[in-house]
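> need a structure here:
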Amino acid sequence: MGRMKMAVIGLGMGRGHARGYHSHPQADLVAICDPDESRLRDVQAELDVPRIYTDAEAMFAAEDLDGVSIAVPNKFHAPLTIAALRHGLHVLCEKPMAMTVKEAEAMNAAATRAGRNLMINFSFRFTDASYALKKQVDAGVVGDIYFGRSVWHRRRGMPRFGGWFGIKEMSGGGPLIDLGVHRLDLALWLMGYPDPIAVSGSTYNRIAGPLAKEERKAFDVEDLACGLVKFANGATLILEASWALNQQEREHMTTNLYGDRGGLVHRNVGGGYDFTAEIFTDEGGDQFTKKLDWRTGTTPSSYHEFVDSIIDRRPPMATGEQGWKVMKILQGIYKSAATGREVRYR
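The predicted model follows:
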């Protein structure tokens, strides 16, 4: 197999995708697409991209591509992903996978028909702390995980009022679908992706909503959401996400999971985007804490994993089926918050 010919649609979050493909030793970033020509020119100059497009269908028709990243507003994830699969491309789609469970199912069906990989960019898996914890979990160090809590809270981290993140028609929701999706996937991945059977949740808009109203800007999503998820294997997970919360830290991210042999935590350091990992065990009546100092193995980026999955002709680590489970839980929390009732799947 020759070098992989890659492309990116959307150069907001997609700028990171473009850099990731550009750095892969067996990939060439041959095309980028965005309606903003100034973004196109900036990325083209930075990464020496041969061709630029303002229309995705035009790029699909003109280019002989192997894979493409979809990094656009959430509303367009499903239609662009399905279009790319129809053209025979492997797809890395930004999170959240879609706006609804129905869209996620259509995307997976399109990938199956095309015989192509559909990977979701659950990037929080691809940290040294995450990889080290997964290795310990798979080795049985914490035993059977039966309870957990996964959180991402910001003190004041609302997106710009009037932008697409705060408009439900474009985003599908607020911090739950924007931030919570990362902490949910990380927890589910470490837990072995159990099947959800029931979800209950609440949403609030006590801080961002009034501020947006003062600025006379559109904002119709939550600023905080929380949910309780029950799984077929008996495990329970609490999920919390907010853009605006009266807390101490600027950014608070933590995933705590508890098993019958030990517990673990993945959390951010100093309110930033560096992460630490710890394991807590009871050994012969003595309580031990193990902290990750460094990994000797290589932790790939999600972009390199996507390219490698194409080259190796194997499923990617973060699959469309896993993305569908995440959407099922997120949609369940929103539905429960709207109806005041638990959402059951069986």
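> Could you check how far the residue nearest the centre of the chain is from Lys325?
Centre of the chain computed as the mean C-alpha position; nearest residue by Cα atoms, centre = their mean is Phe122, 3.3 Å away. As for Phe122, its distance to Lys325 is 11 Å (criterion: Cβ to Cβ, to the nearest Å). Any C-beta I mention is one placed from the backbone N, CA and C, and that applies to glycine too.
> Next: Gly148.
When Cβ to Cβ is the yardstick, Gly148 and Lys325 sit 15 Å from each other.
> Can you name the next helix or strand after the helix or strand where Leu40 lies?
Under DSSP states H and E, the secondary-structure element containing Leu40 is helix 37-47. Using DSSP H and E, the next helix or strand after helix 37-47 towards the C-terminus is strand 51-53.
> give me the low-pLDDT residue ranges for this protein?
Applying pLDDT under 70 to the predicted model, the residue ranges of the chain that meet it are 1.
> Where does the record place the domain boundaries for it?
As recorded under automatic domain parsing, the domains making up the chain are 4-124+301-317, 127-298+327-344.
> Please identify the most buried of the ones you listed.
Mean neighbour counts were compared across the domains of the chain using mean count of other Cβ atoms under 10 Å; the top stretch is domain 4-124+301-317, at a mean of 20.
> What is the end-to-end distance of it?
Start and end residues of domain 4-124+301-317 are separated by 18 Å (Cα to Cα, to the nearest Å).
> I'd say Thr281 and Asp260 touch.
No: the criterion here is Cβ atoms under 8 Å, and Thr281 misses it with Asp260 at 11.1 Å.
> how about the residue nearest to the centre of the chain, what does it touch?
Under the criterion of Cβ atoms under 8 Å, 6 or more residues apart in numbering, the neighbours of Phe122 are 95, 181-182, 185-186, 189, 302, 318, 322-323, 326.
> For those, work out which two are farthest apart.
For the contacts of Phe122, the maximum inter-member distance is 14.9 Å, found between Ser302 and Val326 (Cβ to Cβ).
> now the strands for the stretch 101-250 of the chain?
Taking DSSP state E, counting those that start in this stretch as the criterion, the stretch 101-250 of the chain contains strands spanning 118-121, 145-154, 196-204, 224-231, 236-242.
> So what touches the first one?
Residues external to strand 118-121 that are found in contact with it (Cβ under 8 Å, 6+ apart): 17, 69, 71, 81, 85, 90-95, 97, 107-108, 110-111, 185, 302, 305-306, 309, 316-320, 322-323, 326.
> now do the third one
Contact with strand 196-204 is made by 174, 176, 222-232, 325, 328-329, 332-337, 341-346, as judged by Cβ under 8 Å, 6+ apart.
> What pairs with that strand, parallel or antiparallel?
For strand 196-204, the paired strands and their directions (DSSP bridges) read strand 224-231 (antiparallel), strand 343-344 (antiparallel).
> now the contacts of Phe122 in CSV, with distance to Val142?
Listed next are these as CSV, based on distance: Cβ to Cβ, whole Å:
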residue, distance to Val142
Lys95, 26
Val181, 24
His182, 21
Asp185, 18
Leu186, 15
Trp189, 14
Ser302, 25
Ala318, 22
Gln322, 21
Gly323, 25
Val326, 22
